[in-house]
Every structure is written in structure tokens, then in C-alpha cells.
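# here's a sequence, model it:
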Amino acid sequence: MEIAEIKKEFCRIYGGDENDIRIFKSPGRVNMIGEHTDYNGGYVFPAALKMATTIAVRKRNDNIIRLKATDLDGIVEADIAKLDSYRDLEWGNYQLGIAYVMQQKGYDICGCDLLYDDTVPHGGGLSSSAAIEVSTALMFATFNNEKKGISSPVNMIDMALIGQKTENEYCGVNCGIMDQFASAMGKENHAIMLDCNTLKYKLVPLKLGDCKIVIANTKKKHGLGASKYNERRSECDAAVEALKTVLKGITCLADVSPKQFELHKNVIENETVRKRAEHVIYEIDRVIKSVDALEKNDIASFGKLMDASHDSLRDLYEVTGNELDAMVDEARKISGTIGSRMTGAGFGGCTVNIVKSDSVDEFIEKVGKGYTERTGLVPEFYVSETGNGGCEIK
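This is a model prediction of the structure:
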């Protein structure tokens, strides 16, 4: 919806006029390369998208928060004094989790009526959850600062960390920082090279020349729930513990170079754990090489690194699945495809593709047809533009 439409819908649901409605927004993201490296302390390379969560909000004079989505029936009502009790909501737990975590940190959480409009596909691996978290955190932080007379702008890295903490501790998903950081700190026409261990980052111009980013949604919701996600994380932790016996001082897989891994990988006795570590260590290296390639305008080399990333996620980390593999296979049949890989947690969701501009129509037609023949699912395609991080729209 356009903002004018969202405001009209807000008034239809909650009454009143538009004068005291405020608008906050934060984007989804696509990770160009660097998958399952964030919680291992490594580099990732996400870009914020134009697809976003937009919130229309009006403050209330009591301790009630009411939540509504433009595409869902019903209103969720919550008591600010009981924010710890909404963890199991089917929808609304991310928002109320943000309010709870911020309340524990000393933020003044005000009563308000909220309407959420999402253009980030849910379950598509483009981080609709982070878009919800960061936009909600920014809204509550802005209201807190105004009430307390704080004139400095909201620290968006803090908003990203609040989003991650909410997902970890309130929603029970042991995610890294990448999604929330990209949603908070993204910049149009750039990707972010982020060191997830230190939160040091570099904005890298995403100059693709005569190519476009095409995101292909498998329409299979990514199924890497808490159990599988946490399983992969524990396997990586086991790899670190094994490598610590020969590499003193390491704290995470990002501390291990490919050369060191090749010298010492046999101390990881479990083959599955060894494969997980190999993916992560070489994937971090691929991010570094990708940034170097893009800074040299070497799109072809970047595409090859994307391809290698997907193959590693398929064979070593084992998080792709039939649908993502079919989508990538079909993409690679198109001569104008420079690179193709899954993006997001895995087992469904989206692929990200670099495609020659004059091949985009052919890509969408032929990849869509081939994918449907193989899976029975009808995909969606987005010719994507990068966008800016979370903000209030005045």
C-alpha cells in the first residue's frame, strides 16, 4: 500500500483522523554472499531492499498496545505491564518482544495503536522478521527519546542489536546479527561488508553495470526453524572446540583461515561437523574475494563466487533442498546469468541472481517454467533495487 492508503486504513480500523499518525519504515534484505557465517563471527555481504515493513502508529493515553496487519484479520491487544506473556502469539510476538526487550533496557514503552503493512514476502528468506523488529524498535526508541527530551538521533546499530536479542531470547531463534544490521544500516545502491564479530562495517558500492539483481522466490517457505538452525550452530561450535586443541586462542570459525583449516581439519573427527566448518571458513573467504571483485568491477568473478557459495551450501552445509537447487539449476541454464545462489537460512525461500539486463525477461520466463515443471510450484520474481535502512517518514 502507498502511505496515503495505509493512513486511510488506519483510520478505518482505529478511528480518528490522520493528523496524529506517524510512519516508520525498515527494509528487508538480500544477502549477496556469506551465508551462515554471521553467527560464526564472519563476514556477510547483505544489501537492504526497497521491500519493507511500514508502520502507521498513533500514541494512546493508556498502557495498551494494539497491533493489526493490513493482510491479516483481527487485532492483537497487549498490556504493557505483561509484555513477557506474549511469546507464543502466532502473529505479534516479534513486535511485543521488541517492546519487552526495550522495556528491560530502560526504555519507556508507550501505549499505541499500530498498523503494519509488509511488502517483504513472509517466509521467503528476505528477512521480513528483521524488518518488523527494526521498524518497531525505531518507533519505540523515537517515542522514548521525545518523552525524555533526548535530542540525539536514535542509534540504529542499537536497534539492530535489540532486534537480534528479541529473536534470540523472546522468539527462541538463535540468529546472528546480519538481518537486523542490514535492515537498520542499509544504504541505497550499496551492500554492507559486515564483520559480525566486531560490527565493523564498510559500505561497498553495488555497481552491476549492465546487470540486474533478480530475486527468485521458490514459494516454499524456508523451513530452517529453530531446531535445524540451532543444530547447525551447535555443529559449528563443536568444530571450534576441536580446532582449539591445535589453534590456541580462537573463539569462532572466523578466526580460522582456509590454510589453517586444511592443515588441521583432521582434528575434527566427525565428518559432518568437518563439512560444516569447511563451508563457513571458505564462505568467509568468498565474501572477502567478492568485495575485492566488485571494487574492481569484475562482475564475472563475483558471479563465480556466488555459484561456489551455493554449491557449498548444498554439499557441505546441506541447507538448500530440492526447490532451491532446482531454481539455481534452471538459472544456470540461461546464458545471461552471471551468478546464482540461495539466500537466507535455507530449505526454501529465495535465490539471488545476477542477470544481464537484456536477459532478465528470458530468465523470468524460462526459469519460471523449468522450475514449475520440476517442483509443481509457481515462483515469483522480483527485479530488485537496493534501498535505505530504517527511518521515520516525515
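# what's the single longest strand in the protein?
Criterion DSSP state E: the longest strand present in the chain is strand 46-59.
# for it, buried residues please.
Using 16 or more other C-beta atoms under 10 Å as the test for burial, strand 46-59 gives P46, A47, A48, L49, M51, A52, T53, T54, I55, A56, V57, R58. Any C-beta I mention is one placed from the backbone N, CA and C, and that applies to glycine too.
# now, which of the residues you listed sits nearest G303?
Among the buried residues of strand 46-59, A47 lies closest to G303 (C-beta to C-beta), at 15.7 Å.
# any idea how far M327 is from the closest one?
Separation of A47 from M327 (C-beta to C-beta, to the nearest Å) stands at 19 Å.
# go on, H36?
Per C-beta to C-beta, H36 is found 18 Å from M327.
# go on, A345?
Separation of A345 from M327 (C-beta to C-beta): 15 Å.
# kindly report the same for T70.
For T70 relative to M327 (C-beta to C-beta), the value is 29 Å.
# who has more neighbours out of the two?
More neighbours surround M327 than the other of T70 and M327, with 31 against 16 (other C-beta atoms under 10 Å).
# check the more buried one and give its pLDDT.
M327 is assigned a predicted lDDT (pLDDT) of 98.
# ok, now the one 10 residues further on?
According to the model's per-residue confidence, T337 sits at a pLDDT of 98.
# again with C350
Looking at C350, its pLDDT is 93.
# what sits against it?
Applying C-beta atoms under 8 Å, 6 or more residues apart in numbering to C350 gives the contacts V30, P121, G124, G125, L126, I215, A216, N217, T218, M342, T343, G344.
# just name whatever secondary elements the longest strand of the chain is in contact with.
Other helices and strands packing on strand 46-59, by 3 or more C-beta pairs under 8 Å, 6 or more residues apart in numbering; DSSP states H and E, are helix 3-14, strand 22-31, strand 112-118, helix 128-148, helix 178-185, strand 190-195, strand 380-384.
# show me what counts as buried in the fourth one.
Within helix 128-148, the residues that count as buried by 16+ other C-beta under 10 Å are 128-145.
# mind listing the helices in this structure by residue range?
Using DSSP state H, the helices found in the chain span residues 3-14, 93-104, 128-148, 156-165, 178-185, 226-244, 258-264, 271-295, 299-315, 322-331, 360-375.
# buried deepest among those helices, which one?
Compared across these, helix 178-185 shows the largest average neighbour count, a mean of 30 (mean count of other C-beta atoms under 10 Å).
# end to end, how far does stretch 186-202 reach?
Using C-alpha to C-alpha, to the nearest Å, the end-to-end distance of stretch 186-202 comes to 11 Å.
# what average pLDDT does that stretch get?
Per-residue pLDDT over stretch 186-202 has a mean of 94.
# per-domain residue ranges of the protein.
Domain assignment for the chain by automatic domain parsing gives 3-205+388-393, 211-384.
# start to end distance for the shortest one?
Domain 211-384 has an end-to-end distance of 11 Å (C-alpha to C-alpha).
# so, low pLDDT: which residues of this structure?
In the predicted model of the chain, residues 222-226 satisfy pLDDT under 70.
# hmm, back to that, out of the helices of the chain, which is closest to S26?
Nearest to S26, of all the helices of the chain, is helix 128-148, at 3.7 Å by C-beta to C-beta.
# with only the CA atoms kept, save the closest one in PDB.
Presented in PDB, the C-alpha positions along helix 128-148 are these (Å, rounded to 0.1, in the frame of the first residue of the first chain):
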ATOM      1  CA  SER A 128      10.600  -9.900   7.000                       C
ATOM      2  CA  SER A 129      11.200 -10.600  10.700                       C
ATOM      3  CA  ALA A 130      14.100  -8.200  10.900                       C
ATOM      4  CA  ALA A 131      12.100  -5.500   9.000                       C
ATOM      5  CA  ILE A 132       9.400  -5.800  11.600                       C
ATOM      6  CA  GLU A 133      11.800  -5.800  14.500                       C
ATOM      7  CA  VAL A 134      13.900  -2.800  13.400                       C
ATOM      8  CA  SER A 135      10.900  -0.600  12.400                       C
ATOM      9  CA  THR A 136       9.200  -1.400  15.700                       C
ATOM     10  CA  ALA A 137      12.400  -0.700  17.800                       C
ATOM     11  CA  LEU A 138      13.000   2.600  16.000                       C
ATOM     12  CA  MET A 139       9.400   3.700  16.700                       C
ATOM     13  CA  PHE A 140       9.500   2.900  20.400                       C
ATOM     14  CA  ALA A 141      13.000   4.500  20.700                       C
ATOM     15  CA  THR A 142      11.900   7.600  18.900                       C
ATOM     16  CA  PHE A 143       8.900   8.000  21.300                       C
ATOM     17  CA  ASN A 144      11.100   7.300  24.300                       C
ATOM     18  CA  ASN A 145      13.600   9.900  23.300                       C
ATOM     19  CA  GLU A 146      10.900  12.500  22.700                       C
ATOM     20  CA  LYS A 147       9.400  11.800  26.200                       C
ATOM     21  CA  LYS A 148      12.800  12.100  27.900                       C
END
